[in-house]
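Colleague: next come a sequence and a model predicted from it.
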Amino acid sequence: MKEVHHKGHGNEHHKGHGRTYKYGMVIDLDKCTGCGACMVACMAENNLPFRKDNTNDRLTQNFWMRVYKISNGRPFPDSEICYIPRPCQHCEGYDHHHHTPCVSVCPATATDYSHETGIVSQIYTRCFGCRYCMAACPYHVRVFNWWDPKWPKGMNKYLNPDVSVRMRGVVEKCSFCYHRLQRARNKAYVEGRREVHEDEYQTACTQACPAGAVTFGDLINPKHKVYKLKDSPYAFRLLEKLGTNPKVYYVSTKDWVRKAGKVFLGNEGRG
Amino acid sequence: MDRRTFLEILVGSTAGAGAGFMLTPVNWKLMDDVTIWTQEVWPDFFAGIPERGEVTHANSVCNLCPGGCGITVRKVADRATKIEGRRGYPVNDGGICILGAAGLQLLYGPWRVPSPLRRVGKPGSGKFEKISWEEAISEVVRKLSVLRRKGKAHTVASILGSDRGTVPNLFARFLKAYGSPNFICTTSAEDTSELALKLMQGGKASAGYDLERANFILSFGSGLIEGWGSPVRVIKAHSLWRSGNLRKRATVVQIEPRLSNTAAKADNWYPVNPGTEAALALGLAHVIIRESLYNIYFIRNHTSGFEDWTDSAGNTHMGFKRLVLTEYTPDAVSRTTGIAAKKIVKLARAFARARRPLAVWGRGKGSVSGSLYECMAVHALNALVGNINKPGGVSVRPEIATHTWPRVYQDATALAGFSRSRIDGANTNRYPLTKYLPDRWPQIISRKEAGTIQALFVHDADPYYTTLDTSAVAKAFEQIPFVVSFSSYLDETAFHSDLILPNHHYLERWEDLPTPIGLQKPMLSLLRPVVSPQFDTRHVGDVLMTIARSLGGAVANAFPWRNYKALLKETMGDKWSTMKKTGYVEEADYQPPIWKDAFATRSRRFEFYTTALKRAGMKRNKDLDYLPHYEPITPEGDSETYPLTLIPYELIRLADGAIGNPPFCTKAVEMTELKGNDIFVEINPKTAGDYGLAKGRYAMLETPKGKAKVLVHLSEGIMPGLIGMPKGLGHAGYDGYLAGKGVNVNSLMGVVEDPISGLCATWGIQAKLTSV
């Protein structure tokens, strides 16, 4: 199937190599309450470790999905806040060299952009921890494992066998719950289907969100909910002008939120 | 020899060797290996790799809060690996909250009580020894037998987290048969709300809110998206409000002095002076009445006490209308609340003209009981617009009836003990309307001579942590010679107990759960074991019945059931098979009664002037006492010594009740709330300027109840003069993932009682903040 409409350039690669997908997300910031259920669902699904000193600083925290809190900076009582959940943006890039910021700098080919699924992968056993990708990623999506994961006695019982635990010294990030796609594909294959249905492959954060603020699906499939949602007049993407062509869209009816998200995050670019 | 020395010797010997030796890679490779293998965590990495197995899913219900969401647990072999929201479940339909999603950390965590424990060190030292269940139970039986023999049965008390369902009823039954009136439950805003409904509408029922169909939500400080009511259900409703044309299917107005998430998401935020919410509600009522915007049909035909009225003795009484029109003019209310008169008028008009307006009450998550008059004032707004028992309004919701148990036969000892007055003063002449006053007993115990409570049972509650004025609670605990905790976790109360008889975790046991808080339709759901017990624990129902049986006589006879599961099955009666199959029963076609039949008051009408309160014999003579009015709940402390006001606030990412926050949730707490082990207080930059405080610096926070070192966070989202502090931190129980992080704000607060209900109505305390 050919791509009909997608913000940014079409992907004309791999013609004749079967169906391509562009999995992506639309996050409704008007509905997001900043509750953090997505963060915990993600940590539980993807075997993220936790530490007693996790509350010390941002550098040692390990999140694949992180909810940022931004403010309009106005004085009381005109101040407003907004929460922005931020998974990996799975940037596609625009040019023919697939300029996904992290992919192009990785010396180990540990991370790659899949033109079949639109997912940016991370192969932990290839990564040797140079952290170029962390420097390159404009979204601070990637995290480095400063320690081997360690669970209190008995706690490893809840670990998900579908996701490998990561060792000290490697970089990791959100995979759009790729193991769930693998699971859904296997199921489809066993049942003699070629297609994975929209509801068969959903990320853990999408599933958990009590507000239904996260919608996940194939951005180029008109039957998927995200296809229409991404074209909302209130939709934007983070740091759009960098040309990363991310596959996570945000929707907010508030002007200041759209402005903040499109151009700057937090204090960047101020003063 | 430690690791460092070892590596140093290795490096030293290498340096001394010849150049040829330096060039061989073997040496370097060995050094690298040693560096890796001497790290103690390395073997754990392999131990952490999960095993595979058959994948199954099991449904149950979450009982970490009164929200009662349906959950689906993904299992691999016999391990539970993930908790997800149950799709199609009436409450949450697939969604889950942050705490519910982290439930497995509570199940498998090191904070579980592994077996019955007996205190060996000094009280509160936290030193326990493992004992057998037989030993533990016989110790309880021995203590209880002695007390009963000495005629001190009434000195046994229990504190529970709820009085609904079979397990709480077992405790109540046990105390009744044993001979004590002291069945105490922790209270919340729900208790005050039920009391307001009882006074104004009559009968015993809970409030159900039709949030999904309301199109104007006026929230008096309720943290609608911060865990108020059944959290996932309310968040889902919030998403509905934010859909439709321009995402404004409903207008949300938040009234509170701090920019909470709810305020941030609201269409309008009215930062009101804290504690004056009732005045604002009545100011709105003033405008609605003055401009005749109220539901005239409802007010005329189905309410009483709106207009002035004359009783049978010929005395004229003031009605709600006269009170509101004379006392609560927008100008007067503006002076009290700090909200401009113009805004009050505008808000009142918008509320009354909305198609389906709804006023909701209960500060934050609703964990503090709050002021009765304030609740009545807010409910009066609902009556004015006639949204009682209407779509998009507030309705009464009964519980599903279950099989009643045989009557308890009380022997002479039980009768004597049971007829004594309650230790907490509830249900007495002073507080005739209140069931439990869990915040009063610490003061009572420390005031009276020792021996008021000889034994205390605590289940499903953590009063040592959650009760305000922690040091008074600590003193009260010292006065009780025998404290038994049934907690699954090493919480604060368990930590200060003499004996811990751990209950199965909620994913390991059978239990019935009543209708989730705030729902309109009656429901009964079933908690069922998802995994086999991980530790040497026992179901609290079985333990209680074993204790009763061992006591013998009439106490034993009160429990004719074989075991808890048999009792549960019998109590659920014909609903059992459905519950077992689907996990719940729901009266899906329940409709609240129409106005004609809706009110069980003496007048059969909605009573603005509550005659039930008058009949309760409160020894109050003014008409004002029976009408919703603004009666300030004054925070403790003089404003000269303590010029600022501390208000605790609640976060959905921080569990602040009987359950300690799991590590995942603590990890998700913002860096402006907790950093390392230091808690932040939130103040306006203007306050910081006035008192010489700087962003990110330490300060000393002092209240009449205690002091704590805190960090300062500047926020434009809080009213100047206030100090905001998150609830749920400062635990001493659990372990290093939670214990010692931050300060328990309850330890800085005191109990201010509501004049009518006696329940805790504290919303803040005077404080001072000085830089250190």
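Modeller: Yep, it's here.

Colleague: could you pull out the strands in the stretch 451-600 of chain B for me?
Modeller: B:455-459, B:482-485, B:499-500, B:511-513, B:523-527, B:584-586 (DSSP state E, counting those that start in this stretch).

Colleague: please name the nearest non-neighbouring residue to B:Ile83.
Modeller: B:Gly103 (4.8 Å; C-beta to C-beta, 6 or more residues apart in numbering or on different chains). Every residue, glycine included, has its C-beta placed from N, CA and C.

Colleague: how about the contacts made by that neighbour?
Modeller: B:62, B:64, B:71, B:83, B:506-507, B:662 (C-beta atoms under 8 Å, 6 or more residues apart in numbering or on different chains).

Colleague: just to revisit the earlier point, of the strands of the stretch 451-600 of chain B, which is nearest A:Tyr132?
Modeller: strand B:523-527 (50.0 Å; C-beta to C-beta).

Colleague: what strands flank that closest one, and is each parallel or antiparallel?
Modeller: Strands that pair with strand B:523-527, judged by DSSP bridges, come out as strand B:511-513 (antiparallel), strand B:584-586 (antiparallel).

Colleague: next, format the ones you listed as JSON lines and append mean neighbour count, mean pLDDT and distance to A:Asn47.
Modeller: Converted to JSON lines, the strands paired with strand B:523-527 look like this (neighbours: other C-beta atoms under 10 Å in any protein chain shown; pLDDT from 0 to 100; distance: least, C-beta to C-beta, whole Å):
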{"stretch": "strand B:511-513", "mean neighbour count": "23", "mean pLDDT": "97", "distance to A:Asn47": "30"}
{"stretch": "strand B:584-586", "mean neighbour count": "20", "mean pLDDT": "96", "distance to A:Asn47": "32"}
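
Colleague: per-residue pLDDT of B:Leu197, please?
Modeller: pLDDT for B:Leu197: 97.

Colleague: before we move on, the earlier item: make TSV out of the strands paired with strand B:523-527 and add distance to A:Gln122.
Modeller: Output for these, formatted as TSV (distance: least, C-beta to C-beta, whole Å):
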stretch	distance to A:Gln122
strand B:511-513	42
strand B:584-586	41
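
Colleague: helices and strands of chain B: which one bottoms out on pLDDT?
Modeller: Lowest mean confidence among the helices and strands of chain B (mean pLDDT, DSSP states H and E): helix B:42-47, at a mean of 54.

Colleague: show the subsequent helix or strand relative to it.
Modeller: strand B:55-61 (DSSP states H and E).

Colleague: quick one: contacts of that next one?
Modeller: B:68-76, B:80, B:86, B:506-507, B:513, B:525-528, B:530, B:583-584.

Colleague: just want the angle from it to strand B:523-527.
Modeller: Between strand B:55-61 and strand B:523-527, the angle comes out at 140 degrees (axes from the mean of the first three to the mean of the last three C-alpha atoms, to 10 degrees).

Colleague: what does the very next helix or strand once past strand B:55-61 contact?
Modeller: With elements assigned by DSSP H and E, the helix or strand that comes after strand B:55-61 is strand B:70-76. Applying C-beta under 8 Å, 6+ apart, the contact partners of strand B:70-76 are A:160-161, B:50-62, B:80-87, B:89-92, B:96, B:100, B:103, B:507, B:525, B:530-531, B:583-584.

Colleague: note down every partner strand of strand B:70-76 and its orientation.
Modeller: Counting by DSSP bridges, strand B:70-76 is paired with strand B:55-61 (antiparallel), strand B:79-85 (antiparallel).

Colleague: just the mean pLDDT for the helix or strand that the last one is followed by, thanks.
Modeller: Note on strand B:79-85: by DSSP H and E, the next helix or strand toward the C-terminus is helix B:98-101. For helix B:98-101, the mean per-residue pLDDT is 97.

Colleague: other residues contacting helix B:98-101?
Modeller: A:35-37, A:39-41, A:44, A:208, B:62, B:64-65, B:69, B:71, B:83-85, B:232, B:652-653, B:655, B:659, B:661-662, B:664-665, B:668.

Colleague: any of these buried? List them.
Modeller: A:35-37, A:39-41, A:44, A:208, B:62, B:64-65, B:69, B:71, B:83-85, B:232, B:652-653, B:655, B:659, B:661-662, B:664-665, B:668 (16 or more other C-beta atoms under 10 Å in any protein chain shown).

Colleague: low pLDDT regions in the stretch 1-150 of chain A?
Modeller: A:1-18, A:95-98 (pLDDT under 70).

Colleague: what ranges does it have for its strands?
Modeller: Using DSSP E, counting those that start in this stretch, strands in the stretch 1-150 of chain A cover A:23-28, A:66-71, A:81-86, A:143-144.

Colleague: list the strands paired with the second one, with their directions.
Modeller: Okay, so that is strand A:66-71. When DSSP bridges is applied, strand A:66-71 pairs with strand A:81-86 (antiparallel).

Colleague: burial check on the residue lying closest to B:Pro406 once chain neighbours are set aside, number of neighbours?
Modeller: Spatial nearest neighbour of B:Pro406, chain neighbours left out: B:Pro560 (7.1 Å); criterion: C-beta to C-beta, 6+ apart. By the criterion of other C-beta atoms under 10 Å in any protein chain shown, B:Pro560 has 12 neighbours.

Colleague: chain A versus B:Pro560, what's the distance?
Modeller: For B:Pro560, the distance to chain A (C-beta to the nearest C-beta, to the nearest Å) stands at 38 Å.

Colleague: what's the answer for B:Tyr373, then?
Modeller: 26 Å.

Colleague: which ones are touching that residue?
Modeller: B:278, B:628-631, B:756.

Colleague: the residues you listed in helices, which ones?
Modeller: Counted as lying in helices by DSSP state H, out of those, are B:Ala278.

Colleague: what's the closest of the contacts of B:Tyr373 to chain A?
Modeller: B:Ala278 (20.7 Å; C-beta to the nearest C-beta).

Colleague: done for today, thanks.
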